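Asks: take this sequence and fold it.
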Amino acid sequence: MSKQRLSRYLHEVPFIIWLDIQEWALILICYVFWIADPSIIKFAISLAIPFFVIPLKRRQSRGFLVHMMYYTGFKSTTYYPPVLAEKYEE
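Replies: Numbers count the residues shown, from 1 in each chain. Sure, this is the predicted structure:
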């Protein structure tokens, strides 16, 4: 029987040039928002949002954005009780 080694970095978030995937997605969304209708105001907003949101995200625990997306209704899960369920029977 052959042994297989598991990577010790499976639980870590992949980083690309000091930013993780969610941070790059935020920067890309802001960039697309600016490119759709270029103006000085949108350019300033597209620079300010990542500048303030990325440090806020890094202070929170892992999975913060996914949980917030689920709680606000932007993401749904299957086979789980609703967020505000008071009673859950298996």
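Asks: just the strands in the chain please.
Replies: 15-16, 19-20 (DSSP state E).
Asks: could I get these as CSV with distance to Lys42, mean neighbour count and mean pLDDT?
Replies: (C-beta placed from N, C-alpha, C; glycine too.) Formatted as CSV, these follow (distance: least, C-beta to C-beta, whole Å; neighbours: other C-beta atoms under 10 Å; pLDDT from 0 to 100):
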stretch, distance to Lys42, mean neighbour count, mean pLDDT
strand 15-16, 25, 10, 68
strand 19-20, 21, 15, 81
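Asks: I'd like those as a markdown table, with distance to Leu56 appended.
Replies: Output for those, formatted as a markdown table (distance: least, C-beta to C-beta, whole Å):
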| stretch | distance to Leu56 |
| --- | --- |
| strand 15-16 | 18 |
| strand 19-20 | 14 |
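Asks: what stretches of the chain score poorly on pLDDT?
Replies: Counting by pLDDT under 70, the ranges of the chain that qualify are 1-2, 4-15, 80-85, 88-90.
Asks: and the longest helix for it?
Replies: Criterion DSSP state H: the longest helix present in the chain is helix 40-59.
Asks: tell me what it is packed against?
Replies: Judged by 3 or more C-beta pairs under 8 Å, 6 or more residues apart in numbering; DSSP states H and E, helix 40-59 is in contact with helix 21-36.
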